[in-house]
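A.B. asks: Structure for the following, please:
(4 chains)
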Number of protein chains: 2
Amino acid sequence: MPGVKSRREQYSEATRAALLETATTLFAERGFARTALEDVASATQVTRGAVYHHFASKRELFEAVLESLETEATRRIAEAAAGTDDAWDAAMIGLDAFLDQCCDPVYGRLCWQEGPVALGWDRWKECEEKYAYGLTSQFVTSLMDAGYIEQASPEITTRFVFALLGAIGSMLADAAEADKPRVREECATLARRLLTGLRPRPA
Amino acid sequence: MPGVKSRREQYSEATRAALLETATTLFAERGFARTALEDVASATQVTRGAVYHHFASKRELFEAVLESLETEATRRIAEAAAGTDDAWDAAMIGLDAFLDQCCDPVYGRLCWQEGPVALGWDRWKECEEKYAYGLTSQFVTSLMDAGYIEQASPEITTRFVFALLGAIGSMLADAAEADKPRVREECATLARRLLTGLRPRPA
DNA sequence: ATGGAAACATACACAGTGTATGTCGGTAGG
DNA sequence: CCTACCGACATACACTGTGTATGTTTCCAT
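C.D. replies: Here you go, the predicted model:
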């Protein structure tokens, strides 16, 4: 009977999920480099053996954490913008949803600060292709197609916009909880203004 | 006689400089994490003992490398923009000088890619306060003062612009040597356009 | 019940950083 | 001059942390 999990499979899956969760917490609290797998294991009440059973390496564990966070985040953002036809409006709604997302300290810290540090920029971007970077790319090309921003290399434009989003993510991740609403608003208006710079000139 | 160095001091300074140079090369070639101090030492024909004599830690060695690169870079950029009175023109000249700088693969790689990875984002930004970040901040505030860009939080605006510059640095560091001129130009126009988005509205 | 495989634990190899100590040549004061 | 010291480095070692190889137990199928 496919779909029915044996007890052992359930246990195994639970362990894996628990590892993922403690790893998320510890990576977010202490950062990738300052978190030893021993800590992750003991906090989950298993040994490092279990960790290496479920994940090939420390890096892969982090990637799994990242993917889990990004899957949820991109889903939310895409969902928020889904109903809107106009490309510009959709992008602005997406931006708002993204800002909301970044106010979660775990997301901001792990995806935008620890991510590139832990995996190296290349590998990180490779992972992000599927998520934030990919989504950004979609928004950018749809804005370009709709004539809302000037025709230019989509790759480079995307990287610029992505960098902006990264800056926002890092800032919100850094900001004290009390400051977040203010910072959030300033980021929103600034990002909008910068993007309007890309609009085709009326001339 | 102050100012005159004893022979020992000269030797010492020379080895320190040599260490700095090989470290620069190796960090740029292999990255910070994949470069062991043993490699730096042996390539300089000394032992790790010498490295630890001159630098308190691997991190400090990297910081020294970074500072050396950034000192030179910011000097060049500031110098290029020095003669120009108009804040906008000065900023554009500075941008051009920066783009030139980033075409040096060593600078781009170490300052914009390895930097945050090696030191962690916080410490990296702390270092950059004195150099690229500080210079960016100056340009931004002078643009704001001159009314070329809208009044807004200078801190946040600076971080946005800094992120843009970082994106450029990374891209040029990544780009194949043959592509650099093209990428450079596209980056330049894109950056200019984005910045114009910050100009106060005529309305 | 029993062979086998999955889910872990245990133990170990190894790389790399940092530190404590040793050595040797240069330099300064008498 | 010479000698006592100090700085520049070398040597050796401790410790942390990753990854791997090998056990051990538990579950499930036959």
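
A.B. asks: Pick out the residue of chain A closest to DNA strand C.
C.D. replies: A:Gly49 (2.4 Å; CB to the nearest atom of the strand). For the C-beta atoms, the positions are set from N, CA and C on the backbone; glycine is no exception.

A.B. asks: Can you get me a residue count around that residue?
C.D. replies: The number of residues packed near A:Gly49 is 8, by other CB atoms under 10 Å in any protein chain shown.

A.B. asks: Leaving aside the residues adjacent along the chain, what's closest to it?
C.D. replies: A:Ala41 (8.0 Å; CB to CB, 6 or more residues apart in numbering or on different chains).

A.B. asks: how deep is that neighbour tucked in, by neighbour count?
C.D. replies: When neighbours are counted by other CB under 10 Å, A:Ala41 comes out with 19.

A.B. asks: hang on, it packs against A:His53?
C.D. replies: No - using CB atoms under 8 Å, A:Ala41 is not in contact with A:His53; the gap is 10.7 Å.

A.B. asks: For chain A, what lies in contact range of DNA strand D?
C.D. replies: A:6-8, A:35-38, A:48-49, A:52, A:57-59 (CB under 7 Å from any atom of the strand).

A.B. asks: which one of these is nearest A:Arg159?
C.D. replies: Distance to A:Arg159 across the residues of chain A next to DNA strand D (CB to CB) is lowest for A:Arg59, with 23.4 Å.

A.B. asks: how much space is there between A:Val40 and B:Ala191?
C.D. replies: According to CB to CB, to the nearest Å, A:Val40 and B:Ala191 sit 41 Å apart.

A.B. asks: so A:Gly169 makes contact with A:Cys111?
C.D. replies: Yes - A:Gly169 is within contact range of A:Cys111, at 6.5 Å (criterion: CB under 8 Å).

A.B. asks: Helix or strand: which one has the closest residue to A:Trp112 other than its chain neighbours?
C.D. replies: Spatial nearest neighbour of A:Trp112, excluding adjacent residues (CB to CB, 6+ apart): A:Gly169 at 3.4 Å. According to DSSP states H and E, A:Gly169 maps onto helix A:154-174.

A.B. asks: what's near enough to touch the residue in chain A positioned nearest to chain B?
C.D. replies: Proximity of chain A to chain B (CB to the nearest CB) peaks at A:Gly197, 2.3 Å away. Listed by CB atoms under 8 Å, 6 or more residues apart in numbering or on different chains, the contact set of A:Gly197 reads B:Arg193, B:Leu194, B:Leu195, B:Thr196, B:Gly197, B:Leu198, B:Arg199.

A.B. asks: Just put those in JSON lines and tack on pLDDT and distance to B:Leu135.
C.D. replies: Shown next, in JSON lines, are those (pLDDT from 0 to 100; distance: CB to CB, whole Å):
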{"residue": "B:Arg193", "pLDDT": "93", "distance to B:Leu135": "21"}
{"residue": "B:Leu194", "pLDDT": "93", "distance to B:Leu135": "18"}
{"residue": "B:Leu195", "pLDDT": "93", "distance to B:Leu135": "15"}
{"residue": "B:Thr196", "pLDDT": "91", "distance to B:Leu135": "21"}
{"residue": "B:Gly197", "pLDDT": "90", "distance to B:Leu135": "21"}
{"residue": "B:Leu198", "pLDDT": "90", "distance to B:Leu135": "18"}
{"residue": "B:Arg199", "pLDDT": "90", "distance to B:Leu135": "21"}
